[in-house]
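> Predicted model follows, preceded by the sequence.
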Amino acid sequence: MKSNFEKYAELLLFKGLNIEKNQPLVITSPIECIDFVRVLAKTANEYGVHDIYFDWSDSYLKLYQLSNYDEKELENSPFWNKKVYDEYAKKNGAFLMLSAEESEIFEGVDPQMISKSSYISRTTRPIYKEKQSKYEVPWCIAMVSTEVSARKVFPGVEKAKERLWEEIFKACLINCDDPLREWDQKIARSKNNVKKLNDLHLKQLHYTNSLGTDLIVKLGDGHIWCGADEKMPNGRPLLVNIPTEEIFTSPMMNETEGIVYASKPLIYSGSLIDGFWIKFEKGKAVSFDAKVGRDVLAGIIGLDQGSCKLGEVALVEYDSPISNSKILFYNTLFDENAACHLALGNGFPSCYENGINMTSEQLLDVGVNQSDEHTDFMIGTADLKIVGTTSSGEEVIVFENGNFAW
């Protein structure tokens, strides 16, 4: 009988990446997760994947560099300089990113250095980022359990790391007899919601809740809602986020008005941002505040011309498996799948008609935001209401009490 780690490896490789034999592979992982990476590598090797690059990460080694390196030295550090991704993108490699909450030891680091390191990570792999945004290479992000992340999620709990692994397996349907088949059924349900949203031909969404959110987001004529499954230009299916509950699209970057309050904390490059709100005028974040991490939030918003605007709106039911677990994972991948969310920064070409064939300038012309940033933050609550306006001017309730109205 296969272990849950073996089934998880198969899910990520064969459903997430839909990897092919002899395809190059990049695995990004915290160094603490080497045991699981060994399971991944063994599974991939036995299938016929032999060219694997391992991109290791460690919070303390990052801390030492952020505290002692200048910007030029950071640019040369493999922790943030990801030019090797471009080499594997040229070979049409697959990219698997294993995510875990990093230590809060970064709290005393200069926020400018944190923003700079994130910027280096995003801009040193332009070929990969271009291919990733257009799904020309397979990629997938998934969560793993480490001692640091587990203690954050389950403080004071014995064997917290094992407990977090259990919750990851539960959310990813690994405890089922046939996880791949269960995911096929989950994808079918996602496609049903995608079709309903696309059939509405919405022009705008109006968000309100008791936190004080009162936000209007406008959608372009050519926007497309997407769901659990994505497809490469050749039709090859992918699951880029595991798990995933979201239905998402890219809004008109200059047409957002109002104020939105975050409903969950945000972890950004190891730093906590909590209790924050953002006010938008003509698409741009014009004011904001946070009880924790305001300087880090300012660094995100001020990174470039597009990082102060929205690139994504995503709908996630409050009554979803991760939300119902009542666990705050302090990991965007999981927490964004427990609540509706927005993203500051880059939009998705795949969320616009013929978008994957457009240049950056053409995407800007039709209203899809362009930025080196893409940071999701959660806004969904149990009382969130979203009223949509269709192209014919009809108002329809899309979300009621945190869930799809239908």
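Received the coordinates, thanks.

> Can you give the contact residues for stretch 305-313?
205, 217, 219, 248-251, 253-254, 256, 280, 283-285, 300-302, 341-348, 351, 368-376 (CB atoms under 8 Å, 6 or more residues apart in numbering). No exception for glycine: its C-beta is placed from N, CA and C like everyone else's.

> First-to-last residue distance for it?
Start-to-end span of stretch 305-313 (CA to CA, to the nearest Å) is 19 Å.

> Could you pull up the mean pLDDT of that stretch?
Here stretch 305-313 scores 97 as its mean pLDDT.

> Ok, stretch 203-210 next?
The average pLDDT within stretch 203-210 is 98.

> same check, this time on stretch 274-282
The pLDDT scores in stretch 274-282 average 98.

> Give the buried residues for it.
Phe276, Trp277, Ile278, Lys279, Phe280 (16 or more other CB atoms under 10 Å).

> And the biggest helix by length in the chain, what's buried?
Counting by DSSP state H, the longest helix found in the chain is helix 179-200. Applying a neighbour-count criterion of 16+ other CB under 10 Å, one finds Pro179, Glu182, Trp183, Lys186, Ile187, Ser190, Asn193, Val194, Leu197, Leu200 buried in helix 179-200.

> cool, and stretch 148-168?
For stretch 148-168, using 16+ other CB under 10 Å, the buried residues are 148-154, 160-161, 163-165, 167-168.

> rewinding a little: in strands only, show me the contacts of stretch 305-313.
Members of the contacts of stretch 305-313 lying in strands (criterion: DSSP state E): 205, 217, 248-249, 256, 280, 284-285, 341-345, 374-376.

> do you know how far Trp80 is from Asn331?
From Trp80 over to Asn331 the distance is 20 Å, taken as CB to CB, to the nearest Å.

> who are the neighbours in contact with the residue nearest to Leu315 when sequence neighbours are not counted?
Excluding its sequence neighbours, the residue lying closest to Leu315 (CB to CB, 6 or more residues apart in numbering) is Ile247, at 4.8 Å. Ile247 makes contact with Ser190, Asn193, Val194, Leu197, Trp225, Cys226, Gly227, Ala314, Leu315, Val316 under the criterion CB under 8 Å, 6+ apart.

> ok, now Glu182?
Leu173, Cys176.

> Are any of the contacts of stretch 305-313 buried, and if so which?
205, 217, 219, 248-251, 253, 256, 280, 283-285, 300-301, 341-348, 351, 368-376.

> hey, where'd the strands end up in the stretch 251-400 of the chain?
Using DSSP state E, counting those that start in this stretch, the strands found in the stretch 251-400 of the chain span residues 256-261, 266-268, 271-281, 284-292, 310-315, 341-345, 374-378, 385-390, 395-400.

> swap in the stretch 101-250 of the chain?
Shown for the stretch 101-250 of the chain, the strands assigned by DSSP E, counting those that start in this stretch span residues 139-143, 202-208, 214-218, 230-231, 237-238, 241-242, 247-249.

> Of these, flag the one that's most buried.
With neighbours defined as mean count of other CB atoms under 10 Å, the strands of the stretch 101-250 of the chain peak in mean count at strand 247-249, which reaches a mean of 25.

> which stretches of this protein form helices?
Using DSSP H, the helices found in the chain span residues 4-10, 34-47, 59-68, 71-75, 83-90, 111-123, 126-133, 147-153, 160-171, 179-200, 294-301, 321-324, 332-335, 360-366.

> Over the fourth one, what's the mean pLDDT, rounded is fine.
I take that to be helix 71-75. Regarding helix 71-75, the rounded mean pLDDT is 93.

> and that helix, how far from the chain's centre?
26 Å (CA atoms, centre = their mean, to the nearest Å).

> same deal with the first one?
What separates the centre of helix 4-10 from the centre of its chain is 22 Å, taken as CA atoms, centre = their mean.

> which residues sit against it?
With CB under 8 Å, 6+ apart, helix 4-10 has contacts from 2, 35-36, 39-40, 43, 142, 165, 168-169, 172, 174-175, 179-180.

> From those residues, pick the one nearest Val387.
Checking those against Val387 by CB to CB gives Cys172 as the nearest, at 33.1 Å.

> ok, so what distance separates that closest one from Gly311?
According to CB to CB, Cys172 and Gly311 sit 26 Å apart.

> Could you do Ser67 as well?
31 Å.

> can you check Ile174 too?
Distance of Ile174 to Gly311, given as CB to CB: 31 Å.

> cool, and Cys140?
In terms of CB to CB, Cys140 sits 20 Å off from Gly311.

> now Asn45
From Asn45 to Gly311 the distance is 37 Å (CB to CB).

> So between Ile174 and Gly311, which is more surrounded?
Ranked by neighbour count (other CB atoms under 10 Å), Ile174 and Gly311 place Gly311 first, with 25 against 21.

> Quick check: Ile19 vs Lys2, distance?
Relative to Lys2, Ile19 is positioned 18 Å away (CB to CB).
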